[in-house]
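Asker: kindly generate the corresponding structure for this input.
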Amino acid sequence: MTKPRPLVVRNANFRALWISSTSGIFGTSVAAVALPLIAAVELQASDFAVAALSGVGFLPWLLFGLPIGALVDRYRRKPVVMAALVLRIIVLLSLPVAFWLDRLTVEQLFVVSFLSGLAAVFCMLAESALLPRAVPREELIEGNGLMTGSAASADAVGRSLGGWLTGAWGASNSLLLQVAASTASLGSVATLKVVETVTAPAPGNRIFHDMAAGLRYSFSTAPLRTILLTGALWNLGGAIVVSLTVILVVRTLGESGAMLGFLTASTALGGTLGGLTVKWATQRWGSGTVWRLSMVPAVLGYSSLLLMTPGWGLIPGFVGLFLAGVAIAMNVVVATSFRQRVCPPEMLGRLGSASRMVTWGMLAVAGVIGGALVNPLGVRGAITAGLAIAVLAPVVAAIGPLRSIKHLEDLEPVPVESAAGSR
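Answerer: Numbers count the residues shown, from 1 in each chain. You can find the predicted model right below:
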């Protein structure tokens with residue numbers, strides 16, 4: 001028997017989503033390095049502003065995730081993705097233009113970060129709902145693994161290149177690379193050809209009804225609740241650590257923006273390995289086992305930041321963040337694939353929005369908490385506080401209702417009555 005061709009080769013629709021997602025992640029990773037450096041270096045913003053800026057892009061998930069998820073389920077997803085990408089291109093382009101005109105301010109950074117994050121909510125929810133339309137259910141692990149692995153590679157390249165470009169071009173000018181990447185995403189998703197059926201809402205079925213249905217569904221079973229809780233705990237604690245990394249590296253250790261980019265890229269490199277090997281790992285040990293155990297090296301990897309010193313003393317951070325990237329990617333792929341597998345197609349947008357409102361909403365809160373902790377506790381003390389929260393995630397996984405489940409896919413899909421109020 002001949003070995004089947006890779007999914008990205010044999011499935012044109014998956015390839016279009018893969019290229020769009022990978023290009024988008026590449027651009028986003030450039031901005032993830034550039035935006036805090038614009039604040040810290042070009043505008044000399046306070047430590048609180050630098051830390052809080054990392055969470056502003058995730059604030060739309062907390063504020064608007066539910067209604068956007070309901071809207072995504074009401075309309076065809078491809079036009080939603082394209083409109084969101086156009087918005088992202090416009091708002092990001094405003095930053096280098098303001099820099100050229102000497103009008104750039106910290107306030108504009110926060111506004112652009114928020115609007116770009118709002119576009120990302122529409123884009124990511126619609127893309128996530130399109131994936132099960134493009135890929136058969138039995139290939140979701142492979143599809144999500146490829147998406148996660150390539151996204152991590154793009155993240156690594158984007159952060160490394162973004163860190164270098166902040167020194168070569170200037171932090172504001174480096175955002176032109178994200179504008180170009182978002183344009184490439186727009187061109188790729190335009191080639192997507194999937195059949196999308198849109199069901200008209202039933203009479204009296206308002207958007208708040210749909211939002212409530214999506215939120216109820218996210219908490220409807222013990223597996224969904226447990227995965228949601230552990231994700232929220234990890235994101236809250238881990239994002240506090242991440243929000244303080246730029247202050248630790250650039251201000252405390254005195255390293256360059258390029259070194260910050262290379263350091264954070266090690267997480268993405270690990271994510272590449274994790275995304276590409278998660279299928280093998282789940283086949284060998286079971287998806288439930290991989291989901292539980294992957295949280296332990298993730299916490300240990302982030303802890304390595306506390307050991308870093310200038311120069312060669314950064315090596316523990318590089319190694320630790322690489323291992324954390326492997327573990328986080330595996331955990332995300334397994335959790336995402338399980339949700340997509342059990343969720344009815346007409347509920348995918350709302351399930352994704354409700355889940356991310358809880359988990360990614362923590363990323364918005366973490367930036368503010370990290371900024372508030374850095375003055376009374378110091379950078380390393382605030383990082384330790386974040387780790388203390390993150391370690392609760394593997395604890396919940398170890399003692400929760402999924403502690404003895406080897407294969408998550410063996411769990412029965414949620415019995416829904418018209419998807420808990422869906423149309």
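Asker: contacts and neighbour counts: CA atoms only from here.
Answerer: OK.
Asker: gap between stretch 152-171 and the chain center?
Answerer: Distance, stretch centre to chain centre, for stretch 152-171: 18 Å (C-alpha atoms, centre = their mean, to the nearest Å).
Asker: ugh, typo on my part, it should be stretch 112-132
Answerer: In terms of C-alpha atoms, centre = their mean, the centre of stretch 112-132 is found 10 Å from the chain centre.
Asker: what of stretch 88-96?
Answerer: 21 Å.
Asker: what residues sit buried inside that stretch?
Answerer: Under the neighbour-count criterion of 16 or more other C-alpha atoms under 10 Å, stretch 88-96 has 88, 89, 91, 92, 93, 94, 95, 96 buried.
Asker: just for the stretch 201-350 of the chain, where's the confidence low?
Answerer: 201-207, 210, 345-346, 348-349 (pLDDT under 70).
Asker: over to residue 101: give its phi and psi.
Answerer: Main-chain torsions, residue 101, degrees, to the nearest 10: phi -90, psi 0.
Asker: gap between it and residue 276?
Answerer: 44 Å (C-alpha to C-alpha, to the nearest Å).
Asker: pick out whichever of these two has more residues nearby.
Answerer: Remark: of residue 101 and residue 276, residue 276 carries more neighbours, 22 against 9, as counted by other C-alpha atoms under 10 Å.
Asker: my guess is that one contacts residue 145. True?
Answerer: Yes - using C-alpha atoms under 8 Å, residue 276 is in contact with residue 145, at 5.7 Å.
Asker: any common contacting residues for these two?
Answerer: Residues touching both residue 276 and residue 145 by C-alpha atoms under 8 Å, 6 or more residues apart in numbering: none at all.
Asker: average pLDDT for stretch 373-390, rounded please.
Answerer: What stretch 373-390 shows for mean pLDDT is 92.
Asker: what's it in contact with?
Answerer: By C-alpha under 8 Å, 6+ apart, stretch 373-390 touches 47-48, 233-241, 244, 247-248, 299, 302-303, 306, 370.
Asker: just the buried residues of the residues you listed.
Answerer: Buried by 16+ other C-alpha under 10 Å: 47-48, 233-241, 244, 247-248, 299, 302-303, 370, out of the contacts of stretch 373-390.
Asker: so which of those are in helices?
Answerer: Judged by DSSP state H, helices contain the following of these: 47-48, 233-241, 244, 299, 302-303, 370.
Asker: would you check how far apart residue 383 and residue 244 are?
Answerer: To residue 244, residue 383 is 7 Å away according to C-alpha to C-alpha.
Asker: so which helix or strand takes in the nearest residue to residue 135 once chain neighbours are set aside?
Answerer: Nearest residue to residue 135 in three dimensions, chain neighbours excluded: residue 14, at 6.7 Å (C-alpha to C-alpha, 6 or more residues apart in numbering). Secondary structure from DSSP states H and E places residue 14 in helix 12-37.
Asker: leaving out sequence neighbours, find the closest residue to residue 306.
Answerer: In this structure, residue 306 finds its nearest non-sequential neighbour in residue 380, 6.4 Å apart by C-alpha to C-alpha, 6+ apart.
Asker: count of neighbours near the one you found?
Answerer: Neighbours of residue 380 (other C-alpha under 10 Å): 18.
Asker: swap in the one 4 residues further on?
Answerer: The local packing of residue 384 (other C-alpha under 10 Å) involves 20 other residues.
Asker: can I get stretch 362-370 in PDB, CA atoms only?
Answerer: C-alpha atoms of stretch 362-370 as PDB (Å, rounded to 0.1, in the frame of the first residue of the first chain):
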ATOM      1  CA  MET A 362      -7.700  35.400  30.900                       C
ATOM      2  CA  LEU A 363      -4.900  36.700  28.700                       C
ATOM      3  CA  ALA A 364      -6.400  40.200  28.800                       C
ATOM      4  CA  VAL A 365      -6.800  40.100  32.600                       C
ATOM      5  CA  ALA A 366      -3.200  38.700  33.000                       C
ATOM      6  CA  GLY A 367      -1.600  41.700  31.400                       C
ATOM      7  CA  VAL A 368      -3.200  44.100  33.800                       C
ATOM      8  CA  ILE A 369      -2.400  41.800  36.800                       C
ATOM      9  CA  GLY A 370       1.200  41.400  35.700                       C
END
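Asker: phi and psi next, for the residue nearest the centre of the chain.
Answerer: By C-alpha atoms, centre = their mean, the chain has its centre lying nearest to residue 360, at 7.7 Å. Here is the backbone geometry of residue 360 (degrees, to the nearest 10): phi -80, psi -20.
Asker: report the contact partners of it.
Answerer: With contacts defined as C-alpha under 8 Å, 6+ apart, residue 360 is in contact with 58, 61, 62, 232, 235.
Asker: kindly recompute the last result at 10 Å.
Answerer: By C-alpha atoms under 10 Å, 6 or more residues apart in numbering, the residues touching residue 360 are 55, 58-62, 65, 231-232, 235-236, 239, 353-354, 366.
Asker: wait, which of those is closest to residue 215?
Answerer: Lowest distance from residue 215 to the contacts of residue 360 (C-alpha to C-alpha) belongs to residue 354, with 5.3 Å.
Asker: buried residues, stretch 39-48. List them.
Answerer: 39, 40, 41, 42, 45, 47, 48.
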